[in-house]
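J.: my questions concern the predicted model and sequence given below.
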Amino acid sequence: MIYWSIFLAFFIPGILGYGGGPASIPLVEKEVVDRYGWMSTQEFGEVLAFGNALPGPIATKMAGYIGYMEGGVLGSIVGLFASVAPSLFLMLLLMATLMKYKDSPQVKNITKLIRPLIAVLLGAMTLQFFMTSTESFGGIQTVVLIVVSYWMLEIRKIHPAFVIVLALAYGGATSLI
């Protein structure tokens with residue numbers, strides 16, 4: 001019975017919490033503190049603060065921790081599954097619908113329209129990042145970072161993770177000067 005309660009405590013906020021993990025936190029608190037009484041408001045606040053200190057989605061971290069506290073390892077697995085299940089089910093439903101109609105002219109036209117839109121949005125985001133970095137970091141530094149990153153990625157074929165780490169180190173070192 002505890003596993004069903006853990007499942008419901010995280011599945012219902014996952015369905016109703018439109019806006020992702022942060023939007024579902026008050027709903028999780030309502031379930032965990034008020035409905036099931038697994039912890040006090042203060043304890044929930046501490047779990048929330050601890051979850052925010054760790055990388056990754058807050059809702060899954062809280063579901064894993066609270067599930068573990070109430071039901072052990074299996075409770076943790078149930079909590080994690082319940083927190084991602086609404087998105088998983090919806091994605092599978094949408095994928096099944098898309099696969100059913102993938103050869104439809106309307107779906108092909110939508111795909112043709114979405115690709116340029118995504119390219120424009122990525123371009124706008126890149127331009128915004130560029131403008132922000134030139135204001136805060138300096139135009140010359142930004143251009144140097146772009147050129148060196150391009151050279152490392154395209155010419156030297158260095159893994160992007162290493163380029164990001166080196167760019168962060170460079171930014172950190174220049175901010176100290």
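T.: Received, thanks. Numbering: from 1, shown residues only.
J.: using the three-state scheme, assign P55.
T.: Secondary structure assignment for P55 (DSSP: H, G, I helix; E, B strand; the rest coil): coil.
J.: how many neighbours does it have?
T.: Using other CB atoms under 10 Å, P55 is surrounded by 5 other residues. In this view, the C-beta of every residue, glycine as well, is placed from N, C-alpha and C.
J.: distance of it from I25?
T.: Taken as CB to CB, to the nearest Å, the spacing of P55 relative to I25 amounts to 17 Å.
J.: and F11, by the same measure?
T.: To I25, F11 is 15 Å away according to CB to CB.
J.: now swap in L122 and tell me
T.: L122 is 30 Å from I25, by CB to CB.
J.: more neighbours, those two?
T.: Neighbours per residue, other CB under 10 Å: of L122 and I25, the larger number sits with I25, 19 against 10.
J.: contacts only, for that one.
T.: Listed by CB atoms under 8 Å, 6 or more residues apart in numbering, the contact partners of I25 are 13, 17, 48, 58-59, 62.
J.: and the longest helix along the chain, how far from the chain's centre?
T.: Ranked by residue count under DSSP state H, the longest helix found in the chain is helix 58-100. Its chain's C-alpha centre and that of helix 58-100 lie 14 Å apart, by CA atoms, centre = their mean, to the nearest Å.
J.: stretch 154-161 too?
T.: For stretch 154-161, the distance to the chain centre is 25 Å (CA atoms, centre = their mean).
J.: ends of that stretch, what's the gap?
T.: End-to-end span of stretch 154-161 (CA to CA, to the nearest Å): 14 Å.
J.: surely S87 touches G17?
T.: No. In this structure, S87 is not within contact of G17 by CB atoms under 8 Å, at 10.6 Å.
J.: quick one, which of the two is more surrounded?
T.: Set S87 next to G17 and count neighbours by other CB under 10 Å: G17 wins out with 19 against 12.
J.: dump the residue contacts of that one.
T.: For G17, the contacting residues are 23-25, 27-28, 59, taking CB under 8 Å, 6+ apart as the criterion.
J.: give me the buried entries from these.
T.: For these, a burial check counting by 16 or more other CB atoms under 10 Å picks out 24-25, 27-28, 59.
J.: format those residues as TSV; extra columns: secondary structure and pLDDT.
T.: Listed next are the buried ones among the contacts of G17 as TSV, based on DSSP: H, G, I helix; E, B strand; the rest coil; pLDDT from 0 to 100:
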residue	secondary structure	pLDDT
S24	helix	83
I25	helix	86
L27	helix	88
V28	helix	89
A59	helix	86
